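Sequence and predicted structure are below.
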Amino acid sequence: MNQPLLNISGLRKQYGAVEVLKGVDLSLQRGNVVTLIGSSGSGKTTLLRCVNLLEEFQGGQITLDGESIGYRDVAGKRVRHPEKVIAQHRAMTGMAFQQFNLFPHLTALQNVTLGLLKVKHMGKDEAVALAEKWLERVGLLERRNHFPGQLSGGQQQRVAIARAIAMNPSLMLFDEVTSALDPELVGEVLSVIKNLAQEGMTMLLVTHEMRFAYEVSDNIVFMNQGRIEEQGPPKAIFERPQSPRLAEFLKNIRF
Amino acid sequence: MNYQLNFAAVWRDFDTLLVGLGLGLQLALLSIAIGCVIGLLMAFAMLSKHRALRILASVYVTVVRNTPILVLILLIYFALPSLGIRLDKIPSFIITLSLYAGAYLTEVFRAGLLNIPKGLREAGLAIGLGEWQIRAYITVPVMLRNVLPALSNNFISLFKDTSLAAAIAVPELTYYARKINVESYRVIETWLVTTALYVAACYLIAMLLRYLEQRLAIRR
């Protein structure tokens, strides 16, 4: 067995006195697509955000491609990496957000090139060519000079995905990327993600689109109250849930 | 009332009024530019996690905003030399007006920065940008575009405040107007023309700034 691309062990996270992750273990092989499901407050978005250090965590370890994310051990003490190292680690993952978070003062193209120019230090021509390639892949090349405010929600989210993926991350994180979209715009975003999955992109997703999760995932992880309650292949999770809480959860959602 | 308006004296020295107007505009432009830099630094200080920086910034803003600008002008022009800092009247006035602008802009920028959605910073972090890169490429440019109307208003205010420079004999519009007034005794004529010049200049500046705001605003 290969070393997993992402390995999370014993992850603990608290906000003040409230423990939101109570020891989570999860690993992803290269090319895996894993979807986190669970009711709100179960910790799935927090887990995702710990992987690229948008949230700090107080216990446990995350390794990505052999690198210890966020903290290192110095003579038995847990020390946060210098910000430079953290920024480098963050660039190893790409993230798409529920609210897209495009930079509103930049065009679609400039949104994608910013990281290429300022983080990857590419030349302008190279960055533009790469950005155009990815905008074409998400079907928005002809909108490259539009500003986010001039694009629909679905288009904005596709630009946001292009922005993340152009950085050539080894892992993509998708945090409820269709939750803020009008229903008729969900499909275009999901099909972009599905194509990436088919090309072998390693992904960790949080979604409420259960049919999509079923189709695209290698593994489904059901979270409940800061713990992984059950995980397995989609068929097993959706058709033969073992834990009563998962059965209850599935009963209450529409497919 | 059979006062005869006679503008001859004003027209004879009209070019000095225009020169004064030009200097006022330059003073306002320089001061808002320096004030923007001060305001930005102080806004970051206000939002800093370091208590000392926050205190420094709020003392500055509180003191400057609660002092009449004329008093500030006199304080800096007359009091600094006794501390051994000798400044010519124009640099002295520019420093005063910049400090004054900076205090108001600190508040404008601070509010503007607080209004930037948190998600923008996170999106920057997620692609590997550092905190200063995020400020330089994302939060500050977005914030500046959002506060353009407030910046315009501040600029027009500052331009009008340049008339107070006459108090320390900076040769701007009001200074020359007073000179014409004293030499010709054409009180009504002098101040009517001066008022008209201020109104026309402010109106034109406002139109120009409105146009710039539209050009630079974030497109929706």
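Looks like it arrived, so ask away.

which residues of the stretch 151-255 of chain A fall in helices?
Here the stretch 151-255 of chain A has its helices, by DSSP state H, counting those that start in this stretch, at A:153-165, A:183-198, A:210-216, A:234-239, A:244-251.

Go through those helices and name the closest to chain B.
helix A:153-165 (6.8 Å; Cβ to the nearest Cβ). The C-beta positions use only the backbone N, C-alpha and C, and glycine is treated the same way.

Give me every residue in chain B lying close to chain A.
Contact residues (Cβ under 8 Å from any Cβ of the partner chain) of chain B with chain A: B:117, B:119-120, B:122-131, B:133, B:137-138, B:141-142, B:145, B:218-220.

So which of the residues you listed are in helices?
B:119-120, B:122-126, B:131, B:133, B:141-142, B:145 (DSSP state H).

now those as TSV including neighbour count?
Shown next, in TSV, are those (neighbours: other Cβ atoms under 10 Å in any protein chain shown):
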residue	neighbour count
B:119	15
B:120	19
B:122	17
B:123	28
B:124	26
B:125	22
B:126	29
B:131	13
B:133	18
B:141	17
B:142	21
B:145	17
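
what pLDDT does residue B:3 get?
Looking at residue B:3, its pLDDT reads 85.

Buried residues, the helix or strand where residue B:22 lies. List them.
Element membership of residue B:22 [criterion: DSSP states H and E] is helix B:14-46. By 16 or more other Cβ atoms under 10 Å in any protein chain shown, the buried positions in helix B:14-46 come out as B:16-17, B:20-21, B:23-25, B:27-28, B:30-32, B:34-36, B:38-40, B:42-46.

Could you list the low-pLDDT ranges of chain B?
Applying pLDDT under 70 to chain B picks out residues B:1.

who's in contact with residue 206?
Here I'm looking at chain A. With contact taken as Cβ atoms under 8 Å, 6 or more residues apart in numbering or on different chains, residue A:206 is in contact with A:35-37, A:44-45, A:48, A:174-176.

I was thinking of chain B, sorry if that wasn't clear
Here residue B:206 is in contact with B:152, B:156 (criterion: Cβ under 8 Å, 6+ apart).

Skipping its backbone neighbours, what lies nearest whichever residue of chain B sits closest to chain A in space?
For chain B, the residue closest to chain A is residue B:128, as judged by Cβ to the nearest Cβ, at 2.9 Å. Nearest residue to residue B:128, sequence neighbours excluded (Cβ to Cβ, 6 or more residues apart in numbering or on different chains): residue A:91, at 2.9 Å.

Kindly confirm my reading that that neighbour forms part of a helix.
Yes. In this structure, residue A:91 lies within a helix as judged by DSSP: H, G, I helix; E, B strand; the rest coil.

any idea how far it is from residue A:120?
8 Å (Cβ to Cβ, to the nearest Å).

So the two - more neighbours on which side?
Between residue A:91 and residue A:120, residue A:91 has the larger neighbour count (other Cβ atoms under 10 Å in any protein chain shown), namely 20 against 17.

surely the more buried one meets residue B:127?
Yes. Counting by Cβ atoms under 8 Å, residue B:127 is a contact partner of residue A:91 at 6.5 Å.

shared neighbours of these two, anything?
A:115, A:119, A:167.

do you know how far the second one is from chain B?
Right, the one you point to is residue A:119. 4 Å (Cβ to the nearest Cβ, to the nearest Å).

Ramachandran angles for the residue nearest to that residue when sequence neighbours are not counted?
Nearest non-adjacent residue to residue A:119, counting by Cβ to Cβ, 6+ apart: residue B:128, 4.2 Å away. The phi/psi pair for residue B:128 (degrees, to the nearest 10) reads phi 100, psi 10.

got the contact list for residue B:128?
Counted by Cβ under 8 Å, 6+ apart, residue B:128 has contacts A:87-88, A:90-91, A:115, A:119, A:167.

And residue B:123, by the same measure?
A:95, A:97, A:101-103, A:160, A:163, B:138.

just those residues now: which is nearest residue B:181?
Nearest to residue B:181 among the contacts of residue B:123, counting by Cβ to Cβ, is residue B:138 at 52.0 Å.

was I right about that closest one contacting residue B:120?
Yes. Assessed by Cβ under 8 Å, residue B:138 is found in contact with residue B:120 at 5.5 Å.

Report the set of residues contacting both of those two.
residue A:103.

Can you tell me the SS state at residue A:40?
coil.

what's the distance between it and residue A:183?
Counting by Cβ to Cβ, the gap from residue A:40 to residue A:183 is 19 Å.

farthest residue from the center of chain A?
residue A:75 (32.4 Å; Cα atoms, centre = their mean).

Residue B:184 versus the residue nearest to residue A:249 when sequence neighbours are not counted, what's the distance?
Of all residues not flanking residue A:249 in the chain, residue A:39 sits nearest, at 6.3 Å (Cβ to Cβ, 6+ apart). Counting by Cβ to Cβ, the gap from residue A:39 to residue B:184 is 84 Å.

can you give me phi and psi for the residue nearest to residue A:249?
phi -70, psi 170.

Alright, that wraps it up for me.
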